[in-house]
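Peer 1: Predicted model follows, preceded by the sequence.
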Amino acid sequence: MKIELNDVGYSYQTGHHALEHINLSFEGNQSVAIIGQNGAGKTTLAKQLNGILRPTQGTLKIDGIEISGRTTSEWSKRVGYVFQNPDDQLFLETVREEFAFGPRNIGMDEETIERCIAKVAALTGLQDKLDVHPADLSPTEKKFCGIGAVVMMDPDAVVFDEPTCGQDYAGDVRLHDLIAELKREGKMRIAISHDMKFVVANFDRVVVMCQGKVLVDGTPEEVFSQVDVLRKSYVTPPPITRVAQGVGLKETVFIVPQFVEKLEDACSAQNS
């Protein structure tokens, strides 16, 4: 799969220009985090990717086909979108029905649906909650119900809008495992997030947005080394990264063992 945004802009009916001159390309099974302060245009950008919103300027193509050429329901088979608030997504009587709804509507046979339900329920930790009403789930379980409903469609790409919001530690671990499984299956993963620890642990590419524009696009190491650019976008690097930068380490680090190793190397170099 390849998603191409060429000079994409988007203006709401109020006149607010949420996106301006966006040129990005996502391909294959890339893992991409889109970060920036509230109002930077992240969600507006993400909703362009399967036609929930359509560019008011420029073009967006999926595998060479302009997004405007098909309906949102058609594109949702290729690019699944998981809403930040699961209450905006869930509407049926049981988790099982939520999981089965999308596949039935795209013509998946019942035997395949049941097989997929078993797999996705295990992946989301909802094996024992399939006959429970989504309203009776915990916040973390609701999140995974929404994610599971999208994964059931077997899209080529999954877009997560603030997936760690409201998650507990166990939920974060399960989310990490789920994203890793999607990678093994060759799926593209795109996430909007304010959680920088989650970003550096799960994504190989980071796009920083500010006021509807892309400020920087690169690997986590490349992005989080640009302190001045991050300051403009009101993005704060992960805590251990800030500590490393504060003590003058040249390398951009994301985990404590890496920090200790680089600090020891720096001290040894000074003493030699």
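Peer 2: Received it, and whenever you're ready, just let me know what you need.
Peer 1: from what I can see Phe203 touches Asp195, true?
Peer 2: No. With contact defined as C-beta atoms under 8 Å, Phe203 does not reach Asp195; the gap is 11.0 Å. (C-beta placed from N, C-alpha, C; glycine too.)
Peer 1: neighbour-wise, which of these two wins?
Peer 2: Phe203 (22 against 19; other C-beta atoms under 10 Å).
Peer 1: Domain boundaries for the chain, per the record?
Peer 2: Per automatic domain parsing, the domain ranges recorded for the chain read 2-228, 238-272.
Peer 1: centroid residue for this structure?
Peer 2: Centroid check for the chain by C-alpha atoms, centre = their mean gives Ala191 as the closest residue, at 1.2 Å.
Peer 1: tell me the SS of that residue?
Peer 2: Secondary structure state of Ala191, per DSSP: H, G, I helix; E, B strand; the rest coil, is strand.
Peer 1: related to what we said a few turns ago, buried deepest among the domains of the chain, which one?
Peer 2: By mean neighbour count, with neighbours taken as mean count of other C-beta atoms under 10 Å, domain 2-228 ranks first of those at a mean of 18.
Peer 1: mean confidence score for that domain?
Peer 2: Domain 2-228 shows a mean pLDDT of 95.
Peer 1: That one: end-to-end distance?
Peer 2: Start-to-end span of domain 2-228 (C-alpha to C-alpha, to the nearest Å) is 31 Å.
Peer 1: do the same with stretch 134-141
Peer 2: Terminal-residue distance, stretch 134-141 (C-alpha to C-alpha): 8 Å.
Peer 1: Regarding the closest residue in space to Asp168 that isn't next to it in sequence, what is its secondary structure?
Peer 2: Nearest non-adjacent residue to Asp168, counting by C-beta to C-beta, 6 or more residues apart in numbering: Thr140, 5.5 Å away. State at Thr140, reduced to three classes by three-state DSSP: helix.
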